[in-house]
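Q: From the sequence below, what's the structure:
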Amino acid sequence: MRKKTIVITGGAGFIGSHLCKRLLAEKNRVICIDNFITGSLDNIRDLIKDSMFTLLTHNVCSHISIQGKVDYVLHCASLASPSDYLDFPIQTLKVGSLGTHNALGLSKAKSAVFMLFSTSEVYGDPSVHPQKEEYWGNVNPIGVRGCYDESKRFAEAITMAYRRVHKIDTKIVRIFNTYGPMMRENDGRVVSNFITQAILGKPVTIYGDGKQTRSFCYIDDLIEGLFRLMCSSYNYPVNLGNPTEFTVAQLAKIVLRLTESKSKVILKGLPQDDPRRRKPDISLARKTLKWNPKVKLEDGLKKTISWFEKTLKNT
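A: Numbering: from 1, shown residues only. As a prediction, the model looks like this:
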């Protein structure tokens, strides 16, 4: 890929900041847009001194104006963790609707490729397992999680409408559970929760009976998949995630062993509409992108735990 100018909304977040680093490493010009409602300046602090990196502090729910040529608009901005979208349901809906509309408007104005960062949550609490891209989902639109699930489903719908009406070159990635360095310790995700609790010696909290399953993709694997999709000619939703399935209870045991923690495991009530099973079918990504996750859960957790240990020590 020849060197491009790439706009990344939500570029100071967990996934966005890793992607900024990858694209800068490929010698592209990167324009990061973030309003820091959940993103962190610490995630991109070492990038700011790079002449090829520009930070624009802006809420994408307002009109986005960029001077000069733009080749790609990557719409990563979202309140993606449970603690965020439960605390900020209206902002979550707005960034998925108004934010996506504005990002698509920028893409249209610049004749740029558009890539939407969607989620496995569009499948809801799935009645099909594993989840293929053709599955339409089982979502409660008026439940407490509906603000996130439906914002992403709307985002996918308007992205496809722009493709059909305005002939924009669009990509949609449905991201499954991803973990790694630069996650927030208080973001409400199961990996960060367990690691933080174990390191601090606090009870490791499992919601429900722990038999619900998740599949965990290390951030480096996800970034490689995102880069391949971005450079591809494929225009429809693609699952990216690790298809190896673990129960939440299994994850807790692994984290406790790797951290050598004495924390006890406690059970609490299952949140409303929490999915019972989550596992991506990545046949399409394997065929279309020649992509397959490589990092095993324990290897990725060791790197993540090491990062959390350093971070928590400094707070």
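Q: Send me the one helix or strand in the chain whose mean pLDDT sits lowest as CSV with only the CA atoms.
A: One helix or strand of the chain scores below all others by mean pLDDT, DSSP states H and E: helix 82-87, with a mean of 88. The C-alpha trace of helix 82-87 is given here as CSV (Å, rounded to 0.1, in the frame of the first residue of the first chain):
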residue,chain,number,x,y,z
PRO,A,82,-20.1,-2.2,29.5
SER,A,83,-19.2,0.3,32.2
ASP,A,84,-19.1,3.1,29.6
TYR,A,85,-22.3,2.4,27.7
LEU,A,86,-24.3,1.7,30.8
ASP,A,87,-23.1,5.0,32.3
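Q: Isn't residue 39 up against residue 10?
A: Yes. Counting by Cβ atoms under 8 Å, residue 39 does reach residue 10; the two are 6.3 Å apart. Quick note: C-beta positions are derived from backbone N, CA and C, even for glycine.
Q: who's in contact with the least confident helix or strand of the chain?
A: 37-38, 79, 92, 144-145, 147-148, 186-189, 271 (Cβ atoms under 8 Å, 6 or more residues apart in numbering).
Q: and if you look at stretch 267-275?
A: Against stretch 267-275 from outside (Cβ under 8 Å, 6+ apart): 82, 121, 123-126, 140, 143-146, 205-210, 212.
Q: And the contacts of helix 82-87, which of them are buried?
A: Those of the contacts of helix 82-87 that meet the buried threshold are 38, 79, 92, 145, 147-148, 187, 189, by 16 or more other Cβ atoms under 10 Å.
Q: Just give me the closest of those to residue 277.
A: Nearest to residue 277 among those, counting by Cβ to Cβ, is residue 145 at 15.6 Å.
Q: give the contact list for the closest one.
A: 82, 85-86, 121, 271-274.
Q: got those residues as TSV, with distance to residue 172 columns?
A: TSV is the format used below for the contacts of residue 145 (distance: Cβ to Cβ, whole Å):
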residue	distance to residue 172
82	22
85	19
86	25
121	14
271	26
272	27
273	23
274	24
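Q: Selection in ChimeraX covering whichever of those are buried, please.
A: Of the contacts of residue 145, the buried ones can be selected in ChimeraX as follows, counting by 16+ other Cβ under 10 Å:
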select :82,85,86,121,273
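Q: Distance check, residue 307 against residue 181.
A: Distance, residue 307 to residue 181, by Cβ to Cβ, to the nearest Å: 4 Å.
Q: Of these two, which one has the most company?
A: Neighbours were tallied for residue 307 and for residue 181 using other Cβ atoms under 10 Å; the higher tally belongs to residue 181 (20 against 15).
Q: the residue most distant from the middle of this structure, which is it?
A: Centroid-distance maximum for the chain: residue 262 at 30.8 Å, with Cα atoms, centre = their mean.
Q: Hmm, that one is touching residue 200, no?
A: No. Look at residue 262 against residue 200 with Cβ under 8 Å: they stay out of range, at 11.3 Å.
Q: could I have the top helix by length along the chain exported to PDB, CA atoms only?
A: If each helix of the chain is counted by residues according to DSSP state H, the longest one is helix 146-166. Below are the C-alpha coordinates for helix 146-166, written out as PDB (Å, rounded to 0.1, in the frame of the first residue of the first chain):
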ATOM      1  CA  GLY A 146     -29.600  -1.900  23.600                       C
ATOM      2  CA  CYS A 147     -27.900   1.500  23.500                       C
ATOM      3  CA  TYR A 148     -24.700  -0.200  22.400                       C
ATOM      4  CA  ASP A 149     -26.000  -3.100  20.300                       C
ATOM      5  CA  GLU A 150     -28.500  -1.000  18.400                       C
ATOM      6  CA  SER A 151     -26.100   1.900  17.800                       C
ATOM      7  CA  LYS A 152     -23.800  -0.500  16.100                       C
ATOM      8  CA  ARG A 153     -26.600  -2.100  14.100                       C
ATOM      9  CA  PHE A 154     -27.700   1.300  12.900                       C
ATOM     10  CA  ALA A 155     -24.100   2.200  12.100                       C
ATOM     11  CA  GLU A 156     -23.900  -0.900   9.900                       C
ATOM     12  CA  ALA A 157     -27.200   0.000   8.200                       C
ATOM     13  CA  ILE A 158     -26.200   3.600   7.400                       C
ATOM     14  CA  THR A 159     -22.800   2.400   6.200                       C
ATOM     15  CA  MET A 160     -24.400   0.100   3.700                       C
ATOM     16  CA  ALA A 161     -26.900   2.800   2.700                       C
ATOM     17  CA  TYR A 162     -24.000   5.200   1.900                       C
ATOM     18  CA  ARG A 163     -22.300   2.400  -0.100                       C
ATOM     19  CA  ARG A 164     -25.500   1.800  -2.200                       C
ATOM     20  CA  VAL A 165     -26.500   5.400  -2.600                       C
ATOM     21  CA  HIS A 166     -23.200   7.200  -2.800                       C
END
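Q: Which helix or strand contains residue 90?
A: According to DSSP states H and E, residue 90 maps onto helix 89-94.
Q: Pull the distance from that helix to the chain's centre.
A: 16 Å (Cα atoms, centre = their mean, to the nearest Å).
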